[in-house]
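1. Got a predicted model here, sequence first, then my questions.
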Amino acid sequence: MYTPTAFDQNDLATLHRQIAEARLATVVSQGPDGLQASHLPLLLVAEEGEFGTLYGHFARANPQWRALAAAGETLVICNGPDAYVSPSWYPAKAEHGKVVPTWNYIAVHAYGQAEVFDDAERLLDLVGRLSERHEAGRAQPWSVGEAPRDYIDAMLRAIVGFALPIRRLEGKWKLGQNRSAADQAGARAGLSASPDARDRELAARMSAPA
């Protein structure tokens, strides 16, 4: 990922937090038929100070998993909020007019060699933990144990899990850090006033410390 120094984010806790907040990741690998990509919810397991391991599962009918373990490297993309930035928000526009549009965004790229597995108990543990994570906070959270075991067993046979120990992490926080303080404030104000919740989310991230 092309990352100018001003946008580089290498704080491990911040990168982990963004992976968790991304919810849906893009898993990209090279197979015999070329590049393949799937959009999957993932679970990050990491000890303090470690890159950690990403876990997820494919539908067994998805051919990507068959080439995943043989791939030299797999890329996982976890995107954060993003927004168009209008040059009209910059005070510099009135001063000299030398401004152009841009796009601000947050992204994390994780790289590693994946291992695939279809052991039923390991898959059950994975889907249980994923469900617990995404059901958390609901008034009546659903759990895997509520479904009939024979039904769950059939569902487990229809998926293949994978573990991807992270070997390399890249973070890009393109939030206008290369602009003057006045221009950054103008962009934040413009995005904060937007009717689009995604714009306002990015404005909040521009206001918060990295």
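-> Yep, it's here. Numbers count the residues shown, from 1 in each chain.
2. For this structure, which residues score under the pLDDT cut-off?
-> Where the chain drops to pLDDT under 70, the residues are 208-210.
3. Excluding sequence neighbours, find me the nearest residue to the residue most central in space within it.
-> By C-alpha atoms, centre = their mean, the chain has its centre lying nearest to Cys78, at 1.7 Å. The spatial neighbour of Cys78 that comes closest, neighbours along the chain excluded (C-beta to C-beta, 6 or more residues apart in numbering), is Ala22 at 3.6 Å. (Each C-beta comes from the backbone N, C-alpha and C, glycine too.)
4. Which residues are in contact with that neighbour?
-> By C-beta atoms under 8 Å, 6 or more residues apart in numbering, the contact list for Ala22 reads Cys78, Asn79, Gly80, Val108.
5. Which strand or helix spans the first one?
-> Taking DSSP states H and E as the definition, Cys78 sits inside strand 74-85.
6. Please point out which parts of that strand sit buried.
-> Thr74, Leu75, Val76, Ile77, Cys78, Asn79, Gly80, Pro81, Ala83, Val85 (16 or more other C-beta atoms under 10 Å).
7. any chance of the contacts of Ala22 in JSON lines, plus distance to Ala92?
-> Converted to JSON lines, those look like this (distance: C-beta to C-beta, whole Å):
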{"residue": "Cys78", "distance to Ala92": "32"}
{"residue": "Asn79", "distance to Ala92": "28"}
{"residue": "Gly80", "distance to Ala92": "26"}
{"residue": "Val108", "distance to Ala92": "30"}
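8. Please identify which of these is nearest to Met206.
-> Closest approach between the contacts of Ala22 and Met206, by C-beta to C-beta: Gly80, at 11.6 Å.
9. Just give me how far the helix ranked longest in the chain sits from the chain centre.
-> The longest helix of the chain (DSSP state H) is helix 120-135. Helix 120-135 sits 19 Å away from the centroid of its parent chain (C-alpha atoms, centre = their mean, to the nearest Å).
10. That helix: what's the following helix or strand?
-> helix 149-156.
11. Kindly export that following helix (C-alpha atoms) in CSV.
-> Taking C-alpha atoms only, helix 149-156 is exported to CSV below (Å, rounded to 0.1, in the frame of the first residue of the first chain):
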residue,chain,number,x,y,z
ARG,A,149,-27.0,-29.9,16.9
ASP,A,150,-27.7,-32.0,13.8
TYR,A,151,-28.5,-28.8,11.9
ILE,A,152,-25.3,-27.1,13.1
ASP,A,153,-23.3,-30.2,12.1
ALA,A,154,-24.7,-30.0,8.6
MET,A,155,-23.9,-26.2,8.4
LEU,A,156,-20.3,-26.9,9.6
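12. does Phe162 sit in a helix or strand, and which one?
-> With DSSP H and E as the test, Phe162 turns up in strand 159-165.
13. how about that strand: buried residues?
-> So for strand 159-165, counting by 16+ other C-beta under 10 Å, buried means Ile159, Val160, Gly161, Phe162, Ala163, Leu164.
14. The second one bridge partners, please.
-> It stands for Val160. Using DSSP bridges, the beta-bridge partners of Val160 come out as Phe58.
15. Considering the contacts of Ala22, which is situated nearest to Gly56?
-> For the contacts of Ala22, the nearest to Gly56 is Cys78 (11.8 Å; C-beta to C-beta).
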